[in-house]
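K.L.:
with the sequence up front, the predicted model follows.
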Amino acid sequence: MEPSSSVECGDALLAPRQAPPGRGEAPVVDFGLAGFGVKLADPSPVRELAAAHPDDVDRIIGYGHRHVRRAASDVGLTDLALEAGRDALSSADVDPAEVDLVVLATTDLTEYLYWDAAASLAHRLGAGRAECCLLTQACTTGVVAFDVVAGKFASHPDYTAALIVAANRTCEPYWDRATTQSMVFSDGAAAALARRGHPALRWLATEVLTDGRYADLYRMDGGGTAAPFGATVPNSDAYRARDAWNVVEFFDYDATRFEQFVRQLDENARTVVERACRRAGVGLTDIDRLCMLADNEAAMGSLAETLHIPLERTTAALALEHGHLGAADPLFGLADLRARRDLPAGGIVALFSRGRGMHWACTLVQV
């Protein structure tokens, strides 16, 4: 991938667009989360994973993750999604035939090309009458999915039950789970059953911020229509995502520009969370729990500090125990808080993530 000469990183150009005025009104639709399901691949120590990368051992251990969840070779993304979805339906006491909408949020590739994984998932669940949506906006999709449900509920008054499933299954021939980004990628899925009018964990708002200047940051040049599989491509690494250490190539190896981008990661995070709060008529200080992207330890600490949320009120500890589950991180965190009864009555929970695109996303729910 050639560096993009059109990317500028001055503070003025990096500043996101102004947030829309907050209305503080009731959500346009009323739905809450009635049941959850989680399916994680088997764990193994991150030190064992690091040992397979002798040149990067200290770097990988330094992320702070203790375990990685790694699926067997015959387990696909939709296999993980299926088990999480079934558990969510069961815990909400909802028959699959009652589901009106299935939203599958993915991080990496699904099992096949020219194939709708969401439709396959719905079929395997027995949700034969459900509309299906497949979201592919990397790690933000598990948060963006709430906005899709809200929109579908608003435009389809007869829809009463929607299943959100967020899943990650790292495709290791293309994406190294330990070195492609500065976190350890794990395999797993988390699901939630949204019901119209359900009084608990009510959706309040979702906001998304997108900056397409960084769309090429982790681009894999081979395999798409520009350079199909089997075609001759000039770069021998065309069929592999670039390494996290090499993303500075995108910034023409200009350390100042790269450092400005790193700062922007947290600045845009704060902006999108503030926008969601304004939309819901609450403030940052009203957030009781933060279900965050399972980044490396330093990055999660920086984000919590930027949002002025104590680290113990976030899902950072959970993230360090299990690794980065891609799009499933925030939903997995919310499911864990609910299971441990660590959600204050009437409290506000923020689900935050960011991902390739670049996208930053925040959803607020009220306990």
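P.N.:
Good, I have the coordinates. Numbers count the residues shown, from 1 in each chain.

K.L.:
in stretch 34-50, what's buried?
P.N.:
Of the residues in stretch 34-50, 34-41, 46, 49-50 count as buried by neighbour count, 16 or more other CB atoms under 10 Å. The C-beta positions use only the backbone N, C-alpha and C, and glycine is treated the same way.

K.L.:
actually stretch 151-169, sorry about that
P.N.:
Judged by neighbour count (16+ other CB under 10 Å), stretch 151-169 contains these buried residues: 152-153, 159-169.

K.L.:
so what's the gap between it and the chain middle?
P.N.:
17 Å (CA atoms, centre = their mean, to the nearest Å).

K.L.:
if we can go back for a sec, between the buried residues of stretch 151-169, which is nearest residue 203?
P.N.:
Among the buried residues of stretch 151-169, residue 153 lies closest to residue 203 (CB to CB), at 9.1 Å.

K.L.:
for the closest one, give its distance to residue 65.
P.N.:
Computed as CB to CB, to the nearest Å, the residue 153 to residue 65 distance reads 36 Å.

K.L.:
next structured bit after whatever helix or strand residue 134 lives in?
P.N.:
Using DSSP states H and E, residue 134 maps to strand 131-135. Downstream of strand 131-135, the first helix or strand assigned by DSSP H and E is helix 141-155.

K.L.:
mean confidence score for that following helix?
P.N.:
Mean pLDDT, helix 141-155: 97.

K.L.:
run through who's touching it.
P.N.:
The contact list for helix 141-155 (CB atoms under 8 Å, 6 or more residues apart in numbering) reads 27-29, 31, 100-101, 103, 105-107, 131, 133, 135, 137, 159, 162, 164, 166, 190, 194, 196, 203, 206, 208, 326-331, 351-353, 355, 359, 361-363, 365.

K.L.:
okay, now the sheet partners of the helix or strand following that helix, with direction.
P.N.:
Using DSSP H and E, the helix or strand that follows helix 141-155 in sequence is strand 161-168. According to DSSP bridges, strand 161-168 has the following sheet partners: strand 101-106 (parallel), strand 188-196 (antiparallel).

K.L.:
out of those, the one nearest residue 240 is which?
P.N.:
Proximity to residue 240, assessed across those by CB to CB, is greatest for strand 101-106 (19.2 Å).

K.L.:
which residues touch the closest one?
P.N.:
Contacts to strand 101-106, defined as CB under 8 Å, 6+ apart, come from residues 77-78, 81, 85, 117-118, 121-122, 125, 127, 130-136, 141-142, 144-145, 148-149, 152, 159, 161-168, 326-328.
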